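Engineer: pasting the structure only:
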């Protein structure tokens, strides 16, 4: 029976390595107020993990503004503000240990973010993590952003690793969809307010925090058989004879995502992932 051998670990950035949503909220609220847009936190939540260039386009579709800045300029304004707020950023608990663990496992390590390159550089510098990644990829200039698979496929190409031998770490649904669509294993680490929801039910593994990452997680991923459609089959319900502690590690029986289901999930984000090559987020 075939198994998935992991060769690389691909990490998202915003919300996974550092708590950045509060900084995005400040910048987005300021931009929306300046434009006179009646956007709410629910609107901002809907576009988590999506390139800011695509987010600005969506804002314009929702509430067109006459004259004033273009969507490109709005996106750049928001990203510039987040860069300003990033100086004091700190790594989330478990990040350094997780990077150490994947390195000890012999996996190559890459970053794949929807954020503009200048924000990635500022964030990794603030976290002192720049040297921990062999490849640092921004979806800023990709033809499509997350949830399209292109950002993760592009990262795998830069590493020279087959997507089937990659595992993705993500905190956003759009990023998890991107990783799955790329044919990679996906470990979801949802934000605290999203833990326990069904939104991440299609991920291979759901962790409460990167602090919960352990070698047995990789053992479980490598021990399962890819499905006939190229998407990983479900993981066993337990990693060992004991059930994982509630809230620490959840293995989803429904980890296999059919092509029909994947298309349906991608369709929910399609309008948010349209091509744009100027500015981005996530």
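Structural biologist: Okay, I see it. Please read all numbers here as calculations on a predicted model, not as lab measurements. Numbering: from 1, shown residues only.
Engineer: do you know how far residue 82 is from residue 18?
Structural biologist: To residue 18, residue 82 is 11 Å away according to CB to CB, to the nearest Å. In short, each C-beta sits where N, CA and C put it, glycine included.
Engineer: Counting neighbours, go ahead and name the busier of these two.
Structural biologist: With other CB atoms under 10 Å as the criterion, residue 82 and residue 18 differ in neighbour count, and residue 82 comes out ahead with 26 against 20.
Engineer: Tell me which residues touch that one, please.
Structural biologist: Going by CB atoms under 8 Å, 6 or more residues apart in numbering, residue 82 touches 20, 23-24, 27, 119, 281.
Engineer: phi, psi of the closest residue to residue 48 other than its chain neighbours?
Structural biologist: In space, and not counting its chain neighbours, residue 48 is closest to residue 172: 4.9 Å by CB to CB, 6 or more residues apart in numbering. Residue 172 adopts backbone torsions of phi -110, psi 150, taken as degrees, to the nearest 10.
Engineer: Quick check, pLDDT for residue 172.
Structural biologist: We have a pLDDT of 91 for residue 172.
Engineer: what does residue 165 give?
Structural biologist: pLDDT recorded at residue 165 is 97.
Engineer: How about residue 93?
Structural biologist: Note on residue 93: pLDDT of 97.
Engineer: Check residue 47 too.
Structural biologist: For residue 47, the pLDDT comes out at 84.
Engineer: That one: what's its closest spatial neighbour, skipping adjacent residues?
Structural biologist: Once flanking residues are discounted, residue 47 sits nearest to residue 55: 4.5 Å by CB to CB, 6+ apart.
Engineer: close enough to count as contact, that neighbour and residue 45?
Structural biologist: No - the pair residue 55 / residue 45 is not scored as a contact, 11.5 Å apart, by CB atoms under 8 Å.
Engineer: out of these two, which sits in the more crowded spot?
Structural biologist: Taking other CB under 10 Å, residue 55 and residue 45 do not tie; residue 55 has more neighbours (30 against 13).
Engineer: Figure out the helix or strand that that one lives in.
Structural biologist: Residue 55 belongs to helix 52-62 when elements are defined using DSSP states H and E.
Engineer: For that helix, which residues meet the burial criterion?
Structural biologist: Buried residues in helix 52-62, defined by neighbour count with 16 or more other CB atoms under 10 Å: 52-59.
Engineer: Same question for stretch 200-220.
Structural biologist: Neighbour-count burial for stretch 200-220 [16+ other CB under 10 Å]: 200, 202-210, 212-214, 217-218, 220.
Engineer: Do you know the pLDDT at residue 50?
Structural biologist: Listed pLDDT for residue 50 reads 83.
Engineer: Please read the previous query as pertaining to residue 151.
Structural biologist: Note on residue 151: pLDDT of 97.
Engineer: Now do the same contact list for it.
Structural biologist: Neighbours of residue 151 in contact, by CB under 8 Å, 6+ apart: 112-114, 137, 139, 142, 144-145, 178.
Engineer: Dump those residues to CSV, plus secondary structure and pLDDT.
Structural biologist: What follows is the contacts of residue 151, written out as CSV (DSSP: H, G, I helix; E, B strand; the rest coil; pLDDT from 0 to 100):
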residue, secondary structure, pLDDT
112, strand, 98
113, strand, 96
114, coil, 92
137, strand, 98
139, helix, 95
142, coil, 94
144, coil, 94
145, coil, 93
178, helix, 97
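Engineer: Could you single out the nearest of these to residue 186?
Structural biologist: Checking the contacts of residue 151 against residue 186 with CB to CB, the nearest one is residue 178 at 8.9 Å.
Engineer: is it true that the closest one touches residue 142?
Structural biologist: No - counting by CB under 8 Å, residue 142 is not a contact partner of residue 178; they are 10.5 Å apart.
Engineer: ranges for the helices of the stretch 51-200 of the chain?
Structural biologist: Using DSSP state H, counting those that start in this stretch, the helices of the stretch 51-200 of the chain run over residues 52-62, 71-85, 95-104, 117-127, 150-159, 173-181.
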